[in-house]
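S.K.: Fold the stuff below for me.
(2 chains)
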Amino acid sequence: MRLNELRDNPGATRARKRVGRGIGSGKGKTAGRGHKGQKSRSGVAIKGFEGGQMPIHRRLPKRGFHNLFAKDFNEVNVGRLQAAVDKKTLDPKKTVTVDALAAAGIIRRVKDGVRLLGQGELKAKLNIEVTGASAGAVKSVEKAGGSVTIVELPKRASKSKPAADEEKPKAAADKSAKSDSKKPAAAKAKPPAKTESKSASSKAAAKTSAKSSAKSSAKTKKKDS
Amino acid sequence: MKADVTTLEAKKAGTVDLPDSVFGLEPRADILHRMVRYQLAKRRAGTVSVKGRSEIVGSTAKIMRQKGSGRARHSTRKVNLFRGGGKQFGPKPRDHSISLPKKIRALALRHALSAKAKSDEIVVLDNASLKEAKTGALRKKFDKLGLASALIVDGAEVDEKFSLAARNIVGIDVLPVQGINVYDILRRDKLVLTKAAVEALEARFK
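M.R.: Residues are numbered from 1 along each chain as shown, chains lettered A, B, ... in the order given. Model (predicted):
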């Protein structure tokens, strides 16, 4: 195959429409814009105008609202977990954390947390730590012999206030855990959901304090939960 | 796919395996066409530039009065219909490159290699190195091998004497394997790979 034998597939490109280039072109005089008036000029967009009648976007009442505090979760079905286990991207022996899911490519980008849903079939025994789970998902995980732990994820943005004094050691542990976050099994000390609802995000807290000692204490706390 | 290996002296030197995943595809002209278009568009410098009416240096005075002269009405000398005036909608420096997905680009190289393999235009050399950088001597060797128009691809490092000897021979291009590309392959009749190049390509597309 030489350079002169190359060609794209027929229909892969379409010729540009050249308007206003004479009668023979079929798009000559008015160039497809009709005759005169506002709409034949450039830069005009009369959007939603209905000839003076009250347009529909003003005729109907306003409705609904936007919840600023709505949580946007990554949704993961149990069938997807099984597929990942089958493909050996997910290690069933380790605890399945949010980081592990991200590392396995099940989640592309961690949003406000992961909610486990029940679609599909799960055969592997998995210990799962996620932000939320549907009843069906919990059922199918436990049927396979695994367990589901609900943990609270830190907030996405680092705007939240620094941690209170008593939480500082835990925050430091968070930082040290983050440094080896590649290993999903590493204890990523997250505050349990029930006990501390307003615990600050680990990211923000980690910035404020940098104590390395308290990793072990955080681990024990986690066991308590 | 098996291919015979020859030396620069046109002697046989065993065979080498060309993997089918790289050399055994059914070549697609459309993919190669897009890749060549991509390469040629990307290499354009895009530096052409002419001045518009506003960029021409000169007087802004009206050259004749609006009415009464008996001639056509005109504004300044810089208008595009005068000699020395600006160019209307002239070319300006810009990037001509078009985008093509990386996977398509990688595929195109495999298709180019396969196209050469399919038409039996691949020659595998055991090595491409010379003791002396002599163009005349190398040219005789190429004549013996039947190489008039060829791209020669060596391993990661090209023998300096070889590239010096080959660089003034018309129709012969020499590239290290990291520089192999679709356009240069298709431009020449033959594709000459050294054993090192075959290995490197195999590793690259693994």
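
S.K.: all helices for chain B, in order.
M.R.: Using DSSP state H, the helices of chain B run over residues B:20-23, B:29-43, B:102-118, B:135-145, B:160-166, B:182-187, B:195-204.

S.K.: Can you redo those helices as a markdown table, where the extra columns are mean neighbour count?
M.R.: All C-beta atoms are positioned from the backbone trio N, CA, C, and that covers glycine. Listed next are these as a markdown table, based on neighbours: other Cβ atoms under 10 Å in any protein chain shown:
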| stretch | mean neighbour count |
| --- | --- |
| helix B:20-23 | 16 |
| helix B:29-43 | 18 |
| helix B:102-118 | 19 |
| helix B:135-145 | 14 |
| helix B:160-166 | 18 |
| helix B:182-187 | 20 |
| helix B:195-204 | 18 |
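
S.K.: I'd like those laid out as JSON lines, including mean pLDDT.
M.R.: As requested, the helices of chain B are exported to JSON lines (pLDDT from 0 to 100):
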{"stretch": "helix B:20-23", "mean pLDDT": "92"}
{"stretch": "helix B:29-43", "mean pLDDT": "96"}
{"stretch": "helix B:102-118", "mean pLDDT": "95"}
{"stretch": "helix B:135-145", "mean pLDDT": "93"}
{"stretch": "helix B:160-166", "mean pLDDT": "94"}
{"stretch": "helix B:182-187", "mean pLDDT": "95"}
{"stretch": "helix B:195-204", "mean pLDDT": "93"}
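
S.K.: Between the two ends of stretch B:90-101, how far is it?
M.R.: 31 Å (Cα to Cα, to the nearest Å).

S.K.: My error: substitute stretch A:72-79 in the last question.
M.R.: So stretch A:72-79: terminal residues 21 Å apart, Cα to Cα.

S.K.: With stretch A:89-103 instead?
M.R.: 8 Å.

S.K.: now stretch A:66-81
M.R.: 32 Å.

S.K.: Quick one: the helices in chain A, in order.
M.R.: A:56-59, A:78-86, A:98-103, A:135-143, A:168-179, A:202-208, A:215-224.

S.K.: Near chain A, which residues of chain B are found?
M.R.: Residues of chain B lying close to chain A by Cβ under 8 Å from any Cβ of the partner chain are B:27, B:29-30, B:32-34, B:36, B:112, B:115, B:119, B:183, B:186-187.

S.K.: Mind picking the two most distant members of these?
M.R.: Distance extremes for these: the farthest pair is B:34 and B:119 at 20.3 Å, using Cβ to Cβ.

S.K.: Residue B:105 is in contact with residue B:31, correct?
M.R.: No - at 9.4 Å, residue B:31 does not count as touching residue B:105 under the criterion of Cβ atoms under 8 Å.

S.K.: Pull the residues that contact stretch B:65-80.
M.R.: B:53, B:56, B:58-64, B:84-88 (Cβ atoms under 8 Å, 6 or more residues apart in numbering or on different chains).

S.K.: quick one: residue A:81 from residue A:122, how far?
M.R.: 6 Å (Cβ to Cβ, to the nearest Å).

S.K.: Likewise for residue A:11?
M.R.: Taking Cβ to Cβ, one finds residue A:11 at 46 Å from residue A:122.

S.K.: How confident was the prediction at residue 125?
M.R.: Picking chain A for this. In this model, residue A:125 is scored at 88, pLDDT.

S.K.: not quite, I wanted chain B
M.R.: pLDDT at residue B:125 comes out at 93.

S.K.: same question, residue A:182
M.R.: Value for residue A:182, per-residue pLDDT: 45.

S.K.: Please apply the same query to residue A:114.
M.R.: 89.

S.K.: and what of residue B:148?
M.R.: On the pLDDT scale, residue B:148 gets 93.

S.K.: That one contacts residue B:188, doesn't it?
M.R.: No - counting by Cβ under 8 Å, residue B:148 does not reach residue B:188; the two are 9.2 Å apart.

S.K.: Return every residue with contacts to both of the two.
M.R.: Here residue B:148 and residue B:188 have residue B:171 as joint contacts, going by Cβ under 8 Å, 6+ apart.

S.K.: Show me which residues of chain A sit near chain B.
M.R.: Contact residues (Cβ under 8 Å from any Cβ) of chain A with chain B: A:1-3, A:5-9, A:12.

S.K.: farthest pair in these?
M.R.: A:2 and A:12 (20.1 Å).

S.K.: Dump the contacts of stretch B:65-80 to a markdown table, plus neighbour count.
M.R.: Output for the contacts of stretch B:65-80, formatted as a markdown table (neighbours: other Cβ under 10 Å):
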| residue | neighbour count |
| --- | --- |
| B:53 | 16 |
| B:56 | 17 |
| B:58 | 11 |
| B:59 | 9 |
| B:60 | 8 |
| B:61 | 8 |
| B:62 | 12 |
| B:63 | 11 |
| B:64 | 13 |
| B:84 | 9 |
| B:85 | 17 |
| B:86 | 17 |
| B:87 | 13 |
| B:88 | 11 |
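
S.K.: ok, those residues vs chain A, which is closest?
M.R.: residue B:88 (15.1 Å; Cβ to the nearest Cβ).

S.K.: any idea how far residue B:51 is from that closest one?
M.R.: From residue B:88 to residue B:51 the distance is 11 Å (Cβ to Cβ).

S.K.: Residue B:126 now?
M.R.: Residue B:126 is 58 Å from residue B:51, by Cβ to Cβ.

S.K.: What of residue B:100?
M.R.: In terms of Cβ to Cβ, residue B:100 sits 34 Å off from residue B:51.

S.K.: now residue B:76
M.R.: In terms of Cβ to Cβ, residue B:76 sits 14 Å off from residue B:51.

S.K.: Who does the closest residue to residue B:127 other than its chain neighbours form a beta bridge with?
M.R.: Among residues not flanking residue B:127 along the chain, residue B:194 sits closest, at 5.7 Å (Cβ to Cβ, 6 or more residues apart in numbering or on different chains). Residue B:194 has these beta-bridge partners by DSSP bridges: residue B:125.
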